[in-house]
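Q: Fold the stuff below for me.
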Amino acid sequence: MDIPELARWAKYKGINLLGTGDITHFLWFHELTNILKETDREGIYSYDGIDFILTGEACNIFDEKGKVKKIHNMLFLSSFARAEKLNRVLERYGDINADGRPILQMDARELVKIVRDIDEKGFVVPAHIWTPHFSLFGSNSGFDSISECFGDFTSEIFALETGLSSDPAMNWMVSSLDRFSLISDSDAHSAGKIGREFNIFSGQFDFSGLRDILRTKDVKRFISTVEYFPEEGKYHFDGHRNCSVCLSPEETRKNNNLCPACGRKVTIGVMHRVSELADRDYGDKPATFVPFKKLVPLDQIIGSILGKSCDSILVRNKYFEVIERFGTEFSVLLEVAEKDMLGKIEDNIIEGIHLVRKESVRIIPGYDGEFGKVEIPLGNSKSENEQTLF
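A: Okay, here's the model as predicted:
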């Protein structure tokens, strides 16, 4: 996961701009300053044809009215000089070199204030806002509103990261989120998982341009997001991993939030938490919104069809064979017409891509830290309009 490897995989995927991540860690900061080159766009750096923006993530742990809150926040910085100043301040609140995502003993309001004071163009985005642990609305230690968390600095928050276990349509159920740009990021812990989720913008921009797009929710320049199927996320449904119990919100309520196997409290997942705060029906939309598409990564499609792990040599070789013929993974998943694939890759892979584009997949939902499982029903004679996802 060094810069050359990130850039290499960004090209495989079809990504133009990556966040560096981990900007607070001194070793990674040092490596970034040595390898990334400034471009003619403020706050945008480059390596081997791939652009980078300076980002990090922090874990805020603090007491709020007698309750411990644990929230992850993403940091966006406009220059190395400002990032270095920020690091010198943050090290007063925790060991920022112990982890790429340091634990800071400060509340979320204080973090926003510090970022604003050091970098007037920098900004903070609450991360994976619905997951049970370490998130803004998390069932275990979150809040019921953004203002409860950020107080007088709520106006400084203008974008929210939806996380793998929710999609924009779920977030649209909560009207208080209408003013925010909803961004989707891959949360990649290995290079091959870059682009599990991503954002599509129109044209190039500098750091201030990105900030303005997100701050004003500019739907002319913020074209769309591409999402994991949220059911595949590892906290979508409720459940108890130790007992292999997965429950829908309705089932959990019938069981009084208790595991039917052991009687202990289950982990309340994302769909349940969204439904608690929702004031719209699923499918309703705000007046202004950025559209989205749902996809399954190409290696998962191939793995599902071949009955092999995504990490197997067979799947990896087939993955590279496909993208070498069509340029990038995103071209294959989003752009190349199916007729243009005929004779160039196996028919069952073409059918798998077709079914994913139609969102005609079956998913065993994820819960309590367990990822969901995608099934692609090849050769199924279902009608074009049949709903198979739920």
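Q: Quick check: most distant residue from the centroid of the chain.
A: What lies farthest from the middle of the chain is Gly343; by CA atoms, centre = their mean that is 34.6 Å.
Q: separation between that residue and Gly142?
A: Remark: distance between Gly343 and Gly142 (CB to CB, to the nearest Å) = 51 Å. Placement of C-beta: from N, CA and C, glycine included.
Q: before we move on, what about Leu77?
A: Applying CB to CB to Leu77 and Gly142 gives a distance of 25 Å.
Q: quick one, what contacts His236?
A: With contact set as CB atoms under 8 Å, 6 or more residues apart in numbering, His236 has these partners: Ser165, Ser166, Pro230, Gly269, Val270, Met271, Pro365, Gly366, Tyr367, Gly372.
Q: ok, the fourth one - contacts?
A: This means Gly269. Pro132, Ser139, Ser165, Tyr235, His236, Phe237, Asp238, Gly239, Pro249, Tyr367, Asp368.
Q: what's the longest helix in this protein?
A: helix 313-326 (DSSP state H).
Q: If we go by neighbour counts, what in that helix is buried?
A: Residues of helix 313-326 classed as buried by neighbour count (16 or more other CB atoms under 10 Å): Val315, Arg316, Lys318, Tyr319, Val322, Ile323, Phe326.
Q: same check, this time on stretch 224-244
A: Neighbour-count burial for stretch 224-244, counted by 16+ other CB under 10 Å, picks out 224-240.
Q: So which of those residues sit within strands?
A: Ser224, Thr225, Val226, Glu227, Asp238, Gly239, His240 (DSSP state E).
Q: wait, Phe26 sits on Leu90?
A: No: using CB atoms under 8 Å, Phe26 is not in contact with Leu90, being 11.5 Å away.
Q: which neighbours do these two share?
A: Listed contacts common to Phe26 and Leu90 are Ile96; contacts here mean CB under 8 Å, 6+ apart.
Q: Between those two, which is the more surrounded one?
A: More neighbours surround Leu90 than the other of Phe26 and Leu90, with 21 against 12 (other CB atoms under 10 Å).
Q: which residues touch that one?
A: By CB under 8 Å, 6+ apart, the contact list for Leu90 reads Thr24, Ala58, Ile96, Pro102, Leu104, Ile114.
Q: In strands only, show me those.
A: Judged by DSSP E, the subset of the contacts of Leu90 located in strands is Ala58, Leu104.
Q: Of the contacts of Leu90, just say which sits nearest to Lys294.
A: Ala58 (29.2 Å; CB to CB).
Q: And for the lowest-mean-pLDDT helix or strand in the chain, what's in contact with it?
A: Across the helices and strands of the chain, mean confidence by mean pLDDT, DSSP states H and E is lowest for strand 373-375: a mean of 90. Contact with strand 373-375 is made by Phe229, Glu232, Val296, Gln300, Ser304, Val361, Arg362, Ile363, Ile364, as judged by CB under 8 Å, 6+ apart.
Q: In the sheet, which strands lie alongside it, parallel or antiparallel?
A: strand 362-364 (antiparallel) (DSSP bridges).
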